[in-house]
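>>> structural data only, the sequence is not supplied:
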């Protein structure tokens, strides 16, 4: 089958590899759509970050080259021995986390914080930028008929956003700011709406992404036009209750922190390639808190339910659809060169 493989930084290759088998406990899926994630872009431009290079991943036993893609949906074509929850023809999406099940985090239920945690599509185990994937039954989720396969490919990134909001101390009626209106930032806006935020500010430079944030109901603040911290504090009478940093850009980290009120909270949702400066007094003198999240846990069913109510709409977020043959130039390179894109979906054929 055809698959996109990561061989090294700026070295992605479309290759023909063997189809995965439906081994015991596995569900074999014909991939329909797979989204290009910001994490995929980080691996392309600055990796390896999550991809094991040189030493095999402790849970998958694999190392580079690996097949990429972890935001995907598809149809079940075969089930392995012992699988009882799925049958051929089921429409599904996959929660692409590998966890050991026996470390302290796993035993406490925090499987996304597993000491050996990896992602399908980054740590091995196959990936959505291919024709077929075989995934563990426990990590496969059915999607109802009223949710399209395109929508199904957005469950994974939407889960990141919903987990970020759930882990924050946001309450119904609170005010929030989202720094960065890329795919995850826009999904955080949707999650904030679903969670009852009364005002949502979106800080974004791109005109196209500003428009998307506006369409989703956010109040856009353009950093070219305003001192962002001063403007947010003025409009909210002292700062937002919770700010979400979704850019991975060090100076934005400081802005996001300082946009929160006394006793406010900064949620770090992004992956940083470089260190960010922090003056502790910005936290201490206002009794603020800072919290980070990675991935998600136990939220896929909630995301799928919210999608059935119209949240996290693919129609509002997907800006380009391409074929797997074109994924490098029309996908990865386009996202680096054309800043008007939000989410690009790739069709496995």
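That came through, no problem. This structure is a prediction, so every number in the text was calculated from the model and none was measured.
>>> for my notes, confirm residue 232 occurs in a helix.
Yes. Assigned with DSSP: H, G, I helix; E, B strand; the rest coil, residue 232 falls within a helix.
>>> ok, it to residue 289 distance?
18 Å (Cβ to Cβ, to the nearest Å). From N, CA and C alone the C-beta is placed, and that goes for glycine too.
>>> more neighbours, those two?
residue 232 (28 against 15; other Cβ atoms under 10 Å).
>>> could I get the contacting residues of the more buried one?
177, 201, 203, 221, 239-240, 259 (Cβ atoms under 8 Å, 6 or more residues apart in numbering).
>>> of these - the most surrounded one?
residue 177 (32 neighbours).
>>> for that one, name its beta-bridge partners.
Beta bridges link residue 177 to residue 201, residue 243 when assigned by DSSP bridges.
>>> what pLDDT does it get?
Reading off the confidence values, residue 177 has pLDDT 98.
>>> was I right about it contacting residue 201?
Yes. Counting by Cβ atoms under 8 Å, residue 177 touches residue 201, with 4.2 Å between them.
>>> any common contacting residues for these two?
In terms of Cβ under 8 Å, 6+ apart, residue 177 and residue 201 are both contacted by the residues 232, 240.
>>> where does the prediction get shaky in the stretch 1-150 of the chain?
Within the stretch 1-150 of the chain, no stretch has pLDDT under 70.
>>> show me where it has its helices.
When assigned using DSSP state H, counting those that start in this stretch, the helices of the stretch 1-150 of the chain occupy the ranges 38-46, 104-107, 149-152.
>>> check which helices and strands the helix or strand just after the last one sits against.
The helix or strand immediately downstream of helix 149-152 is helix 155-167, counting by DSSP states H and E. Applying 3 or more Cβ pairs under 8 Å, 6 or more residues apart in numbering; DSSP states H and E, we find helix 155-167 packed against strand 71-79, strand 91-94, helix 183-194, helix 300-308.
>>> deepest in the core, which of those is it.
helix 183-194 (a mean of 26; mean count of other Cβ atoms under 10 Å).
>>> re the thing from before, which one of the helices of the stretch 1-150 of the chain lies nearest to residue 279?
When the helices of the stretch 1-150 of the chain are compared by Cβ to Cβ, helix 38-46 sits nearest residue 279, at 26.3 Å.
>>> report the angle between the closest one and helix 155-167.
Between helix 38-46 and helix 155-167, the angle comes out at 110 degrees (axes from the mean of the first three to the mean of the last three Cα atoms, to 10 degrees).
>>> got the buried residues for helix 38-46?
Residues of helix 38-46 classed as buried by neighbour count (16 or more other Cβ atoms under 10 Å): 38-44.
>>> wait, which of the residues you listed is closest to residue 334?
The nearest one, if we look at these relative to residue 334 and count by Cβ to Cβ, is residue 41, at 10.7 Å.
>>> I figured that closest one was touching residue 334, is that so?
No. In this structure, residue 41 is not within contact of residue 334 by Cβ under 8 Å, at 10.7 Å.
>>> got a list of what the nearest residue to residue 203 once chain neighbours are set aside touches?
Distance criterion Cβ to Cβ, 6 or more residues apart in numbering; nearest residue to residue 203, sequence neighbours excluded, is residue 179 at 4.7 Å. Neighbouring residues of residue 179 by Cβ under 8 Å, 6+ apart: 185, 203, 243-247, 252, 255-256, 259.
>>> residue 220 too?
181, 201-204, 210, 213-214.
>>> any idea whether it is helix, strand or coil?
Using three-state DSSP, the structure places residue 220 in strand.
>>> for it, name its beta-bridge partners.
Here residue 220, judged by DSSP bridges, has bridge partners residue 202.
>>> quick one, what contacts residue 84?
By Cβ under 8 Å, 6+ apart, the contact list for residue 84 reads residue 137.
>>> same thing but at 7 Å, please
By Cβ atoms under 7 Å, 6 or more residues apart in numbering, the contact set of residue 84 is empty.
>>> now do it against residue 78, distance only.
In terms of Cβ to Cβ, residue 84 sits 14 Å off from residue 78.
>>> next one: residue 45
Distance from residue 45 to residue 78, by Cβ to Cβ: 36 Å.
>>> what's the answer for residue 271, then?
Counting by Cβ to Cβ, the gap from residue 271 to residue 78 is 34 Å.
>>> for the closest residue to residue 238 other than its chain neighbours, helix, strand, or coil?
Distances taken as Cβ to Cβ, 6+ apart place residue 261 nearest to residue 238, at 4.7 Å, with adjacent residues excluded. Classification of residue 261 by three-state DSSP places it in strand.
>>> just the buried positions in stretch 168-179, please.
So stretch 168-179, judged by 16+ other Cβ under 10 Å, has buried residues 168, 170, 174-179.
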